[in-house]
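Chemist: missing the sequence, but the structure's below:
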């Protein structure tokens, strides 16, 4: 056993005294030692119940003959960090999470690992660590939150709360209506109820084969989530015995499966940051060309909030991800021969799956669109590409031209929106919000939600080298690469330039001739924000472009 390096033989007598100090018996010390990485904390609603999940995992490990040890991982709540300096620390936490798990798992040589994430950057950070360490591993998330319900019966999620803000600021809400939204939008624990980034990544963890069936969709409050956690604890012992490791599961083909499911489900644009970073840890590549190729061949079958009215619980009740995978396989878009953390193939896992509600999981003939929920755009603004959640864009905004309204920060844009300075037809340009330029590539739910709240999402587009929350909707184009701080051409755009967007043909251009752009480039000096010494400064120095997953330089 790997843990023998820490516990076996005469030289490890001092080590065993420390293990005995934990109250461990000889029999417990002799068994395989299983590390349980738990992101439990008391500030993130998606994580406040993870101690219950961890206890269930520990129970499963003990039932199957292992000795469990829980250790923590940090987690940032993107909803709470949104709209202020805290959001600079969201994406950058992904690398810290991966690094800290590597430290703990190598300093204390566990034989295998169980990962308990839930929210946005914790899932990919843990997947990156699992692939880096390549120890037998399994994931069990905390599960999605149920949607909220207002007094009038309307189903709502967190994204709706952000969209209500402009109305509240205008005085359109009474105090009673404000408290109705405040008290009922997020009814309890779990990752926010729509197909936002957290649920997108938890779903893709199941799709890719690192989580048991149900990992992505069983609601946080359901007893089935506790049973799933016990099963995961038991299953890690089987993976250890069979020596099935993450790099056996996460392969080029399973990543292609993940991308096909991503497009069919209309997942968050942030998956275009995280899947390349996860692939990088496995020595593989997922790039924008592959994302776009797979999007073109994959029908958009499921439209959950923010793109539609349904939520993760509805997908679960409609047959869950196994039903989606079975449909994709029937269209020749999913390889079911691949091994998963069950120790079985995908085909074996989904053989009994059925679609129980075709209003939630559409077939190809009735798909929302013949291509996927995400699209990559290229052009003279984004030579290395940009990402849009096409499935959440109104049809009238798929092709759009308008004058650039240029802002050097998210805050400046929000001020202009609240002051009524943005008009129908405009194209908002927010730059210097990329990985280096932010630094930290903040999510921008506030401006997209404000556009929706003001009724401008049908006439105004927004482009940025930053990124968007999975809760964002509308013609919101992010990840423009290269970013302004790296000298990208988004930094050359001037107020009033005409921006041409064509999502159907995957183009994003400023209608300025090359000679003029070349002249602007001669005097262009990219801005790099000065930040205080610390992790943010180190991140700014080491991070790569968004189109490569915003990973650290090797």
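Modeler: Noted; the coordinates are in hand. The structure displayed is predicted, hence computed values, not measured ones.
Chemist: Am I right that residue 233 is in a strand?
Modeler: No - checked against DSSP: H, G, I helix; E, B strand; the rest coil, residue 233 lies outside a strand; its state is helix.
Chemist: Tell me the pLDDT of the residue lying closest to it once chain neighbours are set aside.
Modeler: Nearest residue to residue 233 in three dimensions, chain neighbours excluded: residue 60, at 2.2 Å (CB to CB, 6 or more residues apart in numbering). (Glycine included, C-beta is placed from N, CA and C.) Listed pLDDT for residue 60 reads 98.
Chemist: which other helices and strands contact the helix or strand hosting residue 60?
Modeler: Per DSSP states H and E, residue 60 falls inside helix 50-63. Helix 50-63 sits against strand 33-38, strand 67-72, strand 112-116, helix 223-242, with contacts defined as 3 or more CB pairs under 8 Å, 6 or more residues apart in numbering; DSSP states H and E.
Chemist: Okay, now the sheet partners of the shortest one, with direction.
Modeler: Spelled out, it's strand 112-116. Strand 112-116 has the following sheet partners, assigned by DSSP bridges: strand 33-38 (parallel), strand 137-139 (parallel).
Chemist: Tell me where the longest strand sits in this structure.
Modeler: If you go by DSSP state E, the chain has its longest strand at strand 399-407.
Chemist: Mind listing what's buried along the helix holding residue 60?
Modeler: By neighbour count on 16 or more other CB atoms under 10 Å, the buried set for helix 50-63 is 50, 52-62.
Chemist: And the contacts of that helix?
Modeler: The contact list for helix 50-63, computed with CB atoms under 8 Å, 6 or more residues apart in numbering, reads 34, 36, 38-40, 67-68, 70, 114, 116, 118, 140, 142, 225-227, 229-237.
Chemist: Mark which of the residues you listed are buried, thanks.
Modeler: Among the contacts of helix 50-63, those buried by neighbour count (16+ other CB under 10 Å) are 34, 36, 38-40, 67-68, 70, 114, 116, 118, 140, 142, 225-226, 229-237.
Chemist: Out of the buried residues of helix 50-63, which comes closest to residue 519?
Modeler: Closest approach to residue 519 among the buried residues of helix 50-63 (CB to CB): residue 50, at 55.4 Å.
Chemist: separation between that closest one and residue 189?
Modeler: 9 Å (CB to CB, to the nearest Å).
Chemist: what's the answer for residue 121, then?
Modeler: Applying CB to CB, the value for residue 121 to residue 189 is 19 Å.
Chemist: So those two - more neighbours on which side?
Modeler: residue 121 (28 against 22; other CB atoms under 10 Å).
Chemist: hang on, isn't that one packed against residue 73?
Modeler: No - counting by CB atoms under 8 Å, residue 121 stays clear of residue 73, with 10.2 Å between them.
Chemist: who touches both of the two?
Modeler: Contact criterion CB under 8 Å, 6+ apart; residues bridging residue 121 and residue 73 by contacting each: residue 97.
Chemist: for residue 373, what are its contacts?
Modeler: By CB under 8 Å, 6+ apart, the neighbours of residue 373 are 262-267, 295, 300, 303, 307, 389-392.
Chemist: Now do it against residue 554, distance only.
Modeler: For residue 373, the distance to residue 554 (CB to CB) stands at 31 Å.
Chemist: Break down the stretch 301-450 of the chain into its helices, ranges please.
Modeler: With DSSP state H, counting those that start in this stretch, the ranges of helices along the stretch 301-450 of the chain come out as 312-317, 320-330, 346-350, 410-418, 445-453.
Chemist: Just list what the second one packs against, helices and strands only.
Modeler: Which is helix 320-330. Under the contact criterion of 3+ CB pairs under 8 Å, 6+ apart, helix 320-330 touches helix 197-208, helix 252-265, helix 346-350.
Chemist: got the end-to-end distance for stretch 20-36?
Modeler: Across stretch 20-36, the terminal residues are separated by 19 Å (CA to CA, to the nearest Å).
Chemist: Return the set of buried residues in it.
Modeler: 24, 28-29, 31-36.
Chemist: farthest-separated two in those residues?
Modeler: Most distant of the buried residues of stretch 20-36, by CB to CB, are 29 and 36, 17.0 Å apart.
Chemist: Just checking the distance from the helix holding residue 60 to the centre of its chain.
Modeler: In terms of CA atoms, centre = their mean, to the nearest Å, the centre of helix 50-63 is set 25 Å apart from its chain centre.
Chemist: Please apply the same query to stretch 298-313.
Modeler: 15 Å.
Chemist: do stretch 464-483 as well
Modeler: Taking CA atoms, centre = their mean, one finds the center of stretch 464-483 at 13 Å from the center of the full chain.
Chemist: what distance separates the start and the end of that stretch?
Modeler: By CA to CA, the extent of stretch 464-483 from end to end equals 9 Å.
Chemist: Nearest to residue 251, out of the contacts of residue 373: which one, please.
Modeler: For these, the nearest to residue 251 is residue 262 (16.4 Å; CB to CB).
Chemist: ok, for the closest one, nearest residue in space, not its chain neighbours?
Modeler: Of all residues not flanking residue 262 in the chain, residue 271 sits nearest, at 5.3 Å (CB to CB, 6+ apart).
Chemist: What of residue 545?
Modeler: In this structure, residue 545 finds its nearest non-sequential neighbour in residue 481, 4.9 Å apart by CB to CB, 6+ apart.
Chemist: what's around residue 389, how many residues?
Modeler: 28.
Chemist: Distance check, it against residue 197.
Modeler: For residue 389, the distance to residue 197 - CB to CB - is 11 Å.
Chemist: Which neighbours do the two have in common?
Modeler: residue 268.
Chemist: Confirm that residue 477 sits in a helix.
Modeler: No - applying three-state DSSP, one finds residue 477 to be strand, outside a helix.
Chemist: Quick check: beta-bridge partners of it?
Modeler: With DSSP bridges as the criterion, residue 477 is bridged to residue 388, residue 463.
Chemist: ok, it touching residue 389?
Modeler: No - judged on CB under 8 Å, residue 477 makes no contact with residue 389 at a distance of 9.2 Å.
Chemist: follow-up on the earlier one: for the strands paired with strand 112-116, could you give me JSON lines that also reports mean pLDDT?
Modeler: As requested, the strands paired with strand 112-116 are exported to JSON lines (pLDDT from 0 to 100):
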{"stretch": "strand 33-38", "mean pLDDT": "98"}
{"stretch": "strand 137-139", "mean pLDDT": "99"}
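Chemist: Would you format those as a markdown table with distance to residue 215 included?
Modeler: Below are the strands paired with strand 112-116 laid out as a markdown table (distance: least, CB to CB, whole Å):
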| stretch | distance to residue 215 |
| --- | --- |
| strand 33-38 | 15 |
| strand 137-139 | 6 |
